[in-house]
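# Show me the folded form of this:
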Amino acid sequence: MSNNSTPAGAAPYLSDTLALILAGGAGTRLQTLTRWQAKPAVSFGGKYRTIDFSLSNCVNSSIRKICILTQYKSQTLNTHISRAWNIFHPGLGEFIELVPAQQRVKESWYTGTADSVFQNLDIIRQHNPKYVLVLAGDHIYKMNYAEMLQHHIEVAADMTVGSIEIPLAHASECGIMTVDNQHWITAFTEKPAHPPELPDRPGYALASMGIYIFTLEFLMEELVNDSRKDSSSHDFGKDIIPCNILDHKVSAYPFRDPETSAPAYWKDVGTIDAYYQANIELLDVSPQLNLYDKQWPIWTYQRQLPPAKFVFDDDGRRGMAVDSMVSAGCIVSGSTIKHSVLSNNVRIHSYSTINDSVILPDADIGRSCQIKRAIIGEGCRLPPKTVIGENREEDEKRFYVSDNGIVLVTQDMLEPVLTDVA
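Residues are numbered from 1 along each chain as shown. Modelled structure (predicted):
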């Protein structure tokens, strides 16, 4: 359960905090899910888009000054933000601004996460915050940023890094840190081949969540210094953190469940397998990520759609769903859905069977289809009698198949009319 209370030590500073959401990554590891849209705009959990989680965390944490830094294929994201997040009151100093890559200080696009912030320092100066909260727009979690801000203030850190314990098997995909007994970072390596193990928790490493809090002066000084280094990749994880841990106060904030003190839920859904798994985990009886938490709602744009409908109750043609999430506008016509996520406005025609799959918005599944362990992309039109997930060799001839055997199907694969212009 999320803690929606505002820590007393952070409350006076929330209005002086500017959140920067980095939403410009190309997202190539998500394959054709990001052919036409940025990774933060990818649908998730039936009715949301990935960026809704970082934005909802800001709102629920009483941080209402937000800039979203975009770059690649941002039109879907721009449209979603304008429709879903037009909830701020400028007269009260609240805002959400889309900030596209503009080559404001040099003739190049963003070369790294730190560079994306550096190229917008003039905009940050205009808002004149005391603290700057830097977030990724493509992670799934619920977090009270006010608690992290209070930690940053209490220890008088120059920079605070959100941290979480993850299994060693996944540690080479993240920035990994070593801390002392007061949570000061003593070593930091981005995506190490051999990540260091936590001494008090064998089999786990301490990973960066890609969440940072800076005092404004420190952030500006370090980004300017980094911009002058030709050898730098201009990235927070690769350059800014490692270059400052010895000479400055860089703290790790442990992200834990407020009730159990165990590591809280956080997922980077940047690969097909991670994206699939995070969606499927929502189907657990008591999922770690509770979308039904009234104390910490996840906000999004809701299309005006009718309720989901299940039709036909004949032997061999029964519309039903078990252990599944079925979103608004769906029609399940004489088909069986098991352990699957159906997003908004999905149509399943008769005699089909869907197992362990994630069906994204506006997909249309023809009659007598057999779908297993698959992701069916937005707007897909599967012809009748399509079989997916039964024969890997056959699937690989037509679709993308992940290392774990998850089959990704997008409309470009079914009807590659626009492939040449992508």
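
# Name all residues that make contact with I87.
V59, W299 (Cβ atoms under 8 Å, 6 or more residues apart in numbering). Bear in mind the C-beta positions are built from the backbone N, C-alpha and C, glycine included.

# Need the pLDDT of it.
On pLDDT, I87 comes in at 89.

# before we move on, what SS does it have?
State at I87, reduced to three classes by DSSP: H, G, I helix; E, B strand; the rest coil: coil.

# Now do it against I81, distance only.
Distance, I87 to I81, by Cβ to Cβ, to the nearest Å: 11 Å.

# residue ranges with poor pLDDT in this protein?
Low-confidence segments of the chain (pLDDT under 70): 1-4, 104-105, 107, 416-422.

# What count of nearby residues applies to the residue nearest to A262 when sequence neighbours are not counted?
Nearest residue to A262, sequence neighbours excluded (Cβ to Cβ, 6 or more residues apart in numbering): R256, at 6.5 Å. Here the count is done by other Cβ atoms under 10 Å, and R256 has 15 residues near it.

# distance of R256 from G379?
From R256 across to G379, the span is 40 Å (Cβ to Cβ).

# With S232 instead?
As judged by Cβ to Cβ, S232 and G379 stand 41 Å apart.

# Which SSE is immediately downstream of whichever strand or helix holds Q150?
Per DSSP states H and E, Q150 falls inside helix 145-154. Per DSSP H and E, the first helix or strand lying C-terminal to helix 145-154 is strand 159-167.

# how distant is that next one from the center of its chain?
Relative to the centre of its chain, strand 159-167 is centred 16 Å away, using Cα atoms, centre = their mean, to the nearest Å.

# now for the biggest strand by length in the chain, which elements pack on it?
Longest strand in the chain by number of residues (criterion: DSSP state E): strand 204-215. Strand 204-215 sits against strand 131-136, strand 139-141, helix 145-154, strand 159-167, helix 168-171, strand 175-179, with contacts defined as 3 or more Cβ pairs under 8 Å, 6 or more residues apart in numbering; DSSP states H and E.

# for the second one, packing partners?
Under the contact definition 3+ Cβ pairs under 8 Å, 6+ apart, strand 139-141 sits against helix 51-60, strand 204-215, strand 266-268.

# Tabulate the ones you listed (JSON lines), appending distance to A278 and mean neighbour count.
What follows is those, written out as JSON lines (distance: least, Cβ to Cβ, whole Å; neighbours: other Cβ atoms under 10 Å):
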{"stretch": "helix 51-60", "distance to A278": "11", "mean neighbour count": "24"}
{"stretch": "strand 204-215", "distance to A278": "15", "mean neighbour count": "23"}
{"stretch": "strand 266-268", "distance to A278": "5", "mean neighbour count": "20"}
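
# In TSV, list the ones you listed along with distance to F95.
Shown next, in TSV, are those (distance: least, Cβ to Cβ, whole Å):
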stretch	distance to F95
helix 51-60	12
strand 204-215	20
strand 266-268	27
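
# The strand or helix carrying T189 pairs with which strands?
Assigned by DSSP H and E, T189 belongs to strand 185-190. Looking at strand 185-190 with DSSP bridges, its partner strands are strand 175-179 (antiparallel).
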